[in-house]
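J.: this is a predicted model, with the sequence first.
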Amino acid sequence: MSFLPYAVAAWLFLVGLYGIVTSRHLVHLIVCLTVVQSSSYVLLLAIGYLAGAQAPVFADIPPDTPIVDPVVQALTLTDVVVEATVSALLFGLALQAQKRFGTVNPDEIAAMKG
């Protein structure tokens, strides 16, 4: 078991979080959110990894062969789909904010009320 995938997941999370906190543009904010989300992919795949294991196709492998957990792979694929959907929605909202307020700076959008 290696420490490296967990370190990469933590690094991606922290870099994305730093980008979210310091962002002054909605598109940059959304991209940083996707970086934070990608840290969960790395973490899930690191948890589900098993050295020397085979794919969970039971038709042609012996019964005592170690296999990779298919639930973790399914969770990762679901995570990718949810992230793509959330990103598309947020990009649409950023586009509408640009059309309505004429800016994509979150500080200026908050100031324009009424």
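T.: Nice, thanks for sending it over.

J.: could you use CA atoms for every contact and neighbour count after this?
T.: Will do.

J.: report the central residue of this structure.
T.: Gln37 (2.0 Å; Cα atoms, centre = their mean).

J.: which helix or which strand is home to that residue?
T.: Using DSSP states H and E, Gln37 maps to helix 26-48.

J.: buried stuff in that helix?
T.: 26-27, 29-46, 48 (16 or more other Cα atoms under 10 Å).

J.: confidence score at the residue sitting furthest away from the middle of the chain?
T.: In the chain, the residue that sits farthest from the middle, by Cα atoms, centre = their mean, is Pro62; the gap is 35.4 Å. Among the per-residue scores, Pro62 holds a pLDDT of 80.

J.: next one: Val80
T.: pLDDT, Val80: 94.

J.: check contacts around the nearest residue to it once chain neighbours are set aside.
T.: Closest residue to Val80 apart from its sequence neighbours, by Cα to Cα, 6 or more residues apart in numbering: Tyr41 at 7.8 Å. By Cα atoms under 8 Å, 6 or more residues apart in numbering, the contact set of Tyr41 is 76, 79-80.

J.: ok, so what distance separates Tyr41 from Gly102?
T.: 35 Å (Cα to Cα, to the nearest Å).

J.: for the contacts of Tyr41, which one is nearest Phe58?
T.: Thr76 (21.2 Å; Cα to Cα).
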